[in-house]
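1. could you work out the structure for the sequence below:
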Amino acid sequence: SISGATTVVRVTFVPTLPDELLITPGETLHIRTEFDDGWAMCVNARGEQGMVPLECLDGGGGQFVGFPPSEWRSSKRASSL
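-> Down below sits the predicted model:
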């Protein structure tokens, strides 16, 4: 588990659900909670909180490896909803 860790964003993620967080490469995030569906609750340097795919983060899970960004949604959020 990487909960409680600080990580750096490596891939832009644009939210499609209200509880998700817009992130851009180079941003530093604090991981609050990691979920087994490949998502994590994170907080950015501005204190904004939301869900992001772990694959977008440095050292993130490999669940989405090989998928183009448009297909991240093909892996539905489950435990993180």
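
2. can you show me the helices along this structure?
-> Applying DSSP state H to the chain gives no helices.

3. break down it into its strands, ranges please.
-> Counting by DSSP state E, the chain has strands at residues 6-8, 28-34, 39-44, 49-53.

4. which residue lies nearest the spatial centre of this protein?
-> By C-alpha atoms, centre = their mean, the chain has its centre lying nearest to V52, at 2.3 Å.

5. go through the strands of the chain and name the closest to T16.
-> If you check each of the strands of the chain against T16 by C-beta to C-beta, strand 49-53 wins as the nearest, at 10.5 Å. No exception for glycine: its C-beta is placed from N, CA and C like everyone else's.

6. what's next to the closest one, contact-wise?
-> With contacts defined as C-beta atoms under 8 Å, 6 or more residues apart in numbering, strand 49-53 is touched by 9, 13, 15, 17, 19-23, 29, 32, 38-43, 60, 64, 72, 77, 80.

7. counting neighbours, which of these end up buried?
-> 9, 13, 20-21, 23, 29, 38-42, 60, 64, 72, 77, 80 (16 or more other C-beta atoms under 10 Å).
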